[in-house]
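K.L.:
Okay, here's the prediction I keep looking at, along with the sequence it came from:
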Amino acid sequence: MLFTEYKIKDLFLKNRIVMPPMCMYSSDRTGIVQPFHLVHYGTRAQGGAGLIIIEATAVEARGRISGNDLGIWNDDQIPGLKSIVDIVHGFGAKIAIQLAHAGRKATVAQGISSWNSQFSDEYPIPIKMEESHIRQVVLAFSEAARRAQLIGFDAVEIHGAHGYLINQFISPLVNHREDSYGCKNGIGIKFLQEIIKSVKNNFKGPIGLRISAEEYSNNGLHPHNFIPMLAEILKDHSTSIDFINVSSGGVIEEGFPSKVLPGYQIDFAHEIKKGINIPILAGGMLSDPDMINKILNGKKADLIWLGRELLRNPYWPLHTSEYFKIEQKKPPQYKRAEPYFRNN
């Protein structure tokens, strides 16, 4: 199944292999694409990934995790991002962008958040967002989506995971508000709904959401908490999304698993998949082709993302196609090296 085609909305993917968004911290204060990014993403497309989701890209300058994050907050950043899209398309892959805002985990300015509590002592106390701040951020996501459409991205992923701003509104561990942006039935969705609407108004391709489905805290959220939340989002056309990228952790300083083993997040993805009829992306320390194939055959996920493995080996999809004896298009310039693609 790993090398079968898959369709999300009107987007056809040549296989089920996804490169997930991974922060590279390789821009500068301008947030503009650098030569590194062109080589980095182009190589993974050349290596055979079906979908590449580029790193968390800030919708506001104050929303950067670091001073070296990519940005999509002004039009000067458009040409560089378009160069990545053109290169990736040239190698036959599809490409998405992850729209992100760090909130209280920003390091370039005083953070903003659902509540004025720090992530840790390494971060300043954030500003509790008033409705005027919320409108500013929703507009920033809207404008970022407009630029993503103009650039030619095939899909957009909204970053609602890992303790960044949207996650800070979703999670009861951070969001202690008592207004309409607070947690209802133990989870906060109004801020997310407004962002999804703003993105949908300006981007016509598939729109996905990355979530931290497990917060690793007794008082935090777990996969079963997300099922009714996602059902509510999906029942309204103005907020419906097209795929879920299941990750975990990061919302609080101690909110990480005690042990990280291959496939440690797959059960979270499977629980959500059983409860919601929507394409599911899943991963986490995966590299073994047989294990990955079992996950897909067992219908625990629809697409598999490989982070560290694709950092180690950009040509993992081509190696693995040889392992399964499935013909995949290889770069013609490298035909002399074809034995190197084989697993003997």
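P.N.:
Right, received. Where do you want to start? Note that the coordinates shown come from a computational prediction; the quantities given were computed from them, not determined experimentally. Residues are numbered from 1 along each chain as shown.

K.L.:
pull the CA atoms of the helix or strand where Lys82 lies into PDB?
P.N.:
Assigned by DSSP states H and E, Lys82 falls within helix 78-90. Below are the C-alpha coordinates for helix 78-90, written out as PDB (Å, rounded to 0.1, in the frame of the first residue of the first chain):
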ATOM      1  CA  ILE A  78       6.700  35.000  -1.900                       C
ATOM      2  CA  PRO A  79       9.500  34.500  -4.600                       C
ATOM      3  CA  GLY A  80      11.700  32.300  -2.400                       C
ATOM      4  CA  LEU A  81       8.700  30.100  -1.400                       C
ATOM      5  CA  LYS A  82       7.700  29.900  -5.100                       C
ATOM      6  CA  SER A  83      11.100  28.600  -6.000                       C
ATOM      7  CA  ILE A  84      10.700  25.700  -3.500                       C
ATOM      8  CA  VAL A  85       7.300  24.900  -5.000                       C
ATOM      9  CA  ASP A  86       8.700  24.900  -8.600                       C
ATOM     10  CA  ILE A  87      11.600  22.700  -7.700                       C
ATOM     11  CA  VAL A  88       9.400  20.100  -5.800                       C
ATOM     12  CA  HIS A  89       6.800  20.000  -8.600                       C
ATOM     13  CA  GLY A  90       9.700  19.600 -11.100                       C
END
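
K.L.:
What is the subsequent helix or strand relative to it?
P.N.:
In N-to-C order, the element after helix 78-90 by DSSP H and E is strand 94-100.

K.L.:
Quick one: list the elements packing against that next one.
P.N.:
Counting contacts by 3 or more C-beta pairs under 8 Å, 6 or more residues apart in numbering; DSSP states H and E, strand 94-100 is packed against strand 11-13, strand 51-58, helix 78-90, helix 131-151, strand 155-160. Yep, even glycine has a C-beta here, placed from its N, CA and C like the rest.

K.L.:
now that strand, how far from the centre of its chain.
P.N.:
Offset of strand 94-100 from its chain centre (C-alpha atoms, centre = their mean, to the nearest Å): 7 Å.

K.L.:
same check, this time on stretch 236-254
P.N.:
Distance, centroid of stretch 236-254 to centroid of chain: 9 Å (C-alpha atoms, centre = their mean).

K.L.:
Now do the buried residues in that stretch.
P.N.:
For stretch 236-254, burial by neighbour count (16 or more other C-beta atoms under 10 Å) applies to 239, 241-252.

K.L.:
got the CA coordinates for it in PDB?
P.N.:
The C-alpha trace of stretch 236-254 is given here as PDB (Å, rounded to 0.1, in the frame of the first residue of the first chain):
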ATOM      1  CA  ASP A 236     -19.800  23.000   9.300                       C
ATOM      2  CA  HIS A 237     -18.700  23.600   5.700                       C
ATOM      3  CA  SER A 238     -17.100  26.900   6.700                       C
ATOM      4  CA  THR A 239     -14.700  25.100   9.100                       C
ATOM      5  CA  SER A 240     -14.400  21.600   7.500                       C
ATOM      6  CA  ILE A 241     -10.900  20.400   6.800                       C
ATOM      7  CA  ASP A 242      -9.500  17.700   4.500                       C
ATOM      8  CA  PHE A 243      -6.900  15.800   6.600                       C
ATOM      9  CA  ILE A 244      -5.600  15.500  10.100                       C
ATOM     10  CA  ASN A 245      -1.800  15.100  10.900                       C
ATOM     11  CA  VAL A 246      -1.600  13.300  14.200                       C
ATOM     12  CA  SER A 247       1.400  14.200  16.500                       C
ATOM     13  CA  SER A 248       1.700  14.500  20.200                       C
ATOM     14  CA  GLY A 249       3.200  16.400  23.100                       C
ATOM     15  CA  GLY A 250       4.700  19.900  23.600                       C
ATOM     16  CA  VAL A 251       1.900  21.800  25.100                       C
ATOM     17  CA  ILE A 252       3.500  22.000  28.600                       C
ATOM     18  CA  GLU A 253       7.200  21.700  29.600                       C
ATOM     19  CA  GLU A 254       6.800  18.200  31.000                       C
END
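
K.L.:
picking that back up, for Lys274, which of the helices and strands packed on strand 94-100 is the nearest?
P.N.:
Closest to Lys274 of the helices and strands packed on strand 94-100, according to C-beta to C-beta: strand 155-160, at 20.4 Å.

K.L.:
any idea where the helices of the stretch 201-344 of the chain begin and end?
P.N.:
Secondary structure of the stretch 201-344 of the chain, counting by DSSP state H, counting those that start in this stretch: helices at 223-235, 266-275, 289-297, 308-312, 316-323.

K.L.:
pLDDT of the last one, averaged?
P.N.:
Model confidence over helix 316-323, given as mean pLDDT, is 93.

K.L.:
send the alpha carbons of it over as PDB?
P.N.:
Extracted in PDB, the C-alpha atoms of helix 316-323 (Å, rounded to 0.1, in the frame of the first residue of the first chain):
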ATOM      1  CA  TRP A 316      14.400   6.200   1.400                       C
ATOM      2  CA  PRO A 317      11.300   6.000  -0.900                       C
ATOM      3  CA  LEU A 318      13.400   4.800  -3.800                       C
ATOM      4  CA  HIS A 319      15.300   2.300  -1.600                       C
ATOM      5  CA  THR A 320      12.100   1.000  -0.200                       C
ATOM      6  CA  SER A 321      10.400   0.600  -3.600                       C
ATOM      7  CA  GLU A 322      13.300  -1.700  -4.600                       C
ATOM      8  CA  TYR A 323      12.800  -3.600  -1.300                       C
END
